[in-house]
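Undergrad: coordinates only, sequence not included:
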Ligand code: 2P0
């Protein structure tokens, strides 16, 4: 059996959101964004790869299902994966085909960015397995091309994806603002309210909002302002100020979504109930002790500190519609795993009728 390499990456939660691209092929954003990379206990993607002359084409499985990446009819995202795979193999002079097996610990398409951790795990894994001498910055550019927000999962702690200016995207990469030890008390409490697949995919949403929202014109500069304020607040560990800008940025992005035609509405009554409850919590405390933020889905991410974890938990536990609560801290970013964690095993190959 061929050598198997395995890596793990985790999702990130955006404090300043990426919504709208100035280049849809390269995933170049209209504004910089900031995120916290999540810890791995509950939310992670593990990906294994092996290269073998016994394979007749590149083969990929996500959550046990074979993906159509090699055929011309493959979906847009899958084609990107194939492109990246071909690009990195070529760079390494690898002629053999790849078997890639990827598994998320959380439901795909549920509003928790599985694309970010998936693309980050794959890019990091290929760079390492193919022994490409690449800097993290360069790998983040590769991850970005598969899925924009993935470039931020290339680092642990608190991360900024700078917009960049160049048309080729070489200056649109992520870097670490602070590692997790700078502000270890930070937490993301994820309230799962709807585990279903989202109605409008992010890729469609980005384009539709830019095309039809009249409010979107103000979005890039508003987001840049939030990004500067948050970067500054992170350096000072000013939770009150950071939380204000996190909530404003989430609301601002969702306002442009509502202003899209036809409107995109990811937030539900339960999401709104959570928004009101966080405001009540903050008002009662006399300062911002928690911040809500929502991605392309109805699940709430509540950013808080260890000290107020119980307040947030008590608030959520009183809500019937909250089906599951997942607490995460800041993670370390992607890492290679040992053979014991490999997803390509003799058992897997037998089950799928493959030989490597
Ligand atoms: C973010 N989201 O910054 C924002 C917040 C959703 C709302 O990044 O087309 O899946 O793969 O580049 O990264 C979702 O967009 O889009 C996203 P693609 P992606 O986390």
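TA: Structure's in. What do you need? Please read these numbers as outputs of a predicted model, since none were measured by experiment. Residues are numbered from 1 along each chain as shown.
Undergrad: tell me if I'm right that residue 144 and residue 171 touch.
TA: No: shown here, residue 144 and residue 171 do not form a contact pair, counting by CB atoms under 8 Å, at 11.4 Å. Heads up, the C-betas are built off the backbone N, CA and C, glycines and all.
Undergrad: higher neighbour count, those two?
TA: residue 144 (28 against 13; other CB atoms under 10 Å).
Undergrad: which ones are touching that one?
TA: By CB atoms under 8 Å, 6 or more residues apart in numbering, the contact list for residue 144 reads 26, 27, 150, 151, 161, 169, 172, 173, 174.
Undergrad: right, and the pair among those with maximum separation?
TA: Pairwise distances across the contacts of residue 144 peak at 14.6 Å for 26 and 174 (criterion: CB to CB).
Undergrad: follow-up on the earlier one: most neighbours among the contacts of residue 144, which one is it?
TA: Result: residue 151 is most packed of the contacts of residue 144 (other CB under 10 Å), 34 neighbours.
Undergrad: wait, a helix at that residue?
TA: Yes: assessed with DSSP: H, G, I helix; E, B strand; the rest coil, residue 151 lies in a helix.
Undergrad: going forward, begin numbering at 406 instead of 1
TA: Shifting the count to begin at 406 puts that one at residue 556.
Undergrad: distance of it relative to residue 540?
TA: Distance, residue 556 to residue 540, using CB to CB, to the nearest Å: 13 Å.
Undergrad: residue 480 now?
TA: Separation of residue 480 from residue 540 (CB to CB) stands at 30 Å.
Undergrad: got the buried residues for the lowest-mean-pLDDT helix or strand in the chain?
TA: Across the helices and strands of the chain, mean confidence by mean pLDDT, DSSP states H and E is lowest for helix 481-497: a mean of 88. Within helix 481-497, the residues that count as buried by 16 or more other CB atoms under 10 Å are 482, 483, 484, 485, 486, 487, 489, 490, 493, 494, 497.
Undergrad: got the angle for the helix or strand that that helix is followed by vs helix 481-497?
TA: Using DSSP states H and E, the helix or strand that follows helix 481-497 in sequence is strand 502-509. With axes from the mean of the first three to the mean of the last three CA atoms, to 10 degrees defining the directions, strand 502-509 sits at 130 degrees from helix 481-497.
Undergrad: strand partners of strand 502-509, parallel vs antiparallel please.
TA: Strand pairing for strand 502-509, using DSSP bridges, gives strand 450-457 (antiparallel), strand 464-467 (parallel).
Undergrad: between the contacts of residue 549, which sits nearest the ligand?
TA: residue 432 (4.2 Å; CB to the nearest ligand atom).
Undergrad: for that closest one, give me its contacts.
TA: So residue 432 contacts 426, 549, 550, 552, 553, 574 (CB under 8 Å, 6+ apart).
Undergrad: who touches the least confident helix or strand of the chain?
TA: Contacts to helix 481-497, defined as CB under 8 Å, 6+ apart, come from residues 456, 463, 465, 472-475, 479, 500, 503, 505, 520, 527-528, 531-532, 535-537, 547, 550-552, 608.
Undergrad: try it again at 6 Å.
TA: By CB atoms under 6 Å, 6 or more residues apart in numbering, the list of residues contacting helix 481-497 from outside reads 463, 472, 474, 503, 531, 535, 537, 551.
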